[in-house]
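> When you get a sec, could you give me coordinates for this:
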Amino acid sequence: MNCLTVAFASNFCVAFLVQCFYAHRVWIIGRQNKLLTCGALLAATAQLVFGTLTLEDAYDSNNIATFFSNPDSAANALISAICDAIITASVYFCLRHSENGSGLVREDPIQKLNLVFVQMGLITFTSALTTSALYYESDLVGEYFTAAPVSLLSKTYSNSMLAVLNARRRIRDRQQLALVSPSELPTLPTRH
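Residues are numbered from 1 along each chain as shown. Coordinates of the predicted model:
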């Protein structure tokens, strides 16, 4: 039971930290929009609170089924999906309007899929929504079907955040190339 408790605790913490990271991203991209940022932060905090309540109930009952049948777990999953929906929609619309009204940046299909699904948080939203739906439909399909998406959720959050962090360098390089005058030739960056 202790390993499972640690795994669930790390899932709740990773989700909270990544959602806060994305809320900060919404703050930057959305030109300090307090409503969107506060909505994402409140939902992320509520997700962490319900996760903590689930851990407390599981610890008190000393039963693994608590993670899958507790109403706090279902609320945690639903609020996490709501938070991801706020973040995904905010990032999408802010990026869409930040390109001088011309829509999203024209890139090859793989880069566009990476942008939409990973960097905008759509994959985390889909995972959280799947988990939430399975919690609320557990009476019909069985209570342990949420184990698979829950185990993948922290990995999708981590990968999504790392993709955003890795994309910053590409954006910075693209901005630097745009600043280079036509008479200068771009060079490869060197590491010292």
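> which intervals of this protein have sub-threshold pLDDT?
Within the chain, the ranges that satisfy pLDDT under 70 run 1, 95-120, 138-148, 167-192.
> could you measure F50 against A15, distance?
Distance of F50 to A15, given as CB to CB, to the nearest Å: 11 Å. The way it works is simple: take the backbone N, C-alpha and C, and place the C-beta from them, glycine included.
> where's T45 relative to C83, distance?
In terms of CB to CB, T45 sits 9 Å off from C83.
> Those two: who's more crowded?
C83 (29 against 15; other CB atoms under 10 Å).
> Show the secondary-structure elements that whatever helix or strand the more buried one lives in is packed against.
Counting by DSSP states H and E, the element that carries C83 is helix 71-98. Contact partners of helix 71-98 among helices and strands, from 3 or more CB pairs under 8 Å, 6 or more residues apart in numbering; DSSP states H and E: helix 2-29, helix 34-61, helix 122-136.
> Please work out the angle formed by the directions of the second one and helix 71-98.
What that stands for is helix 34-61. 160 degrees (axes from the mean of the first three to the mean of the last three CA atoms, to 10 degrees).
> next one: the last one
When the same axes, to 10 degrees is applied, the directions of helix 122-136 and helix 71-98 differ by 150 degrees.
> Okay, buried residues for helix 122-136 please.
By neighbour count with 16 or more other CB atoms under 10 Å, helix 122-136 contains the buried residues 122-135.
> what would those residues look like in JSON lines with distance to I87?
Formatted as JSON lines, the buried residues of helix 122-136 follow (distance: CB to CB, whole Å):
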{"residue": "L122", "distance to I87": "10"}
{"residue": "I123", "distance to I87": "12"}
{"residue": "T124", "distance to I87": "8"}
{"residue": "F125", "distance to I87": "8"}
{"residue": "T126", "distance to I87": "13"}
{"residue": "S127", "distance to I87": "13"}
{"residue": "A128", "distance to I87": "11"}
{"residue": "L129", "distance to I87": "13"}
{"residue": "T130", "distance to I87": "17"}
{"residue": "T131", "distance to I87": "16"}
{"residue": "S132", "distance to I87": "15"}
{"residue": "A133", "distance to I87": "19"}
{"residue": "L134", "distance to I87": "21"}
{"residue": "Y135", "distance to I87": "20"}
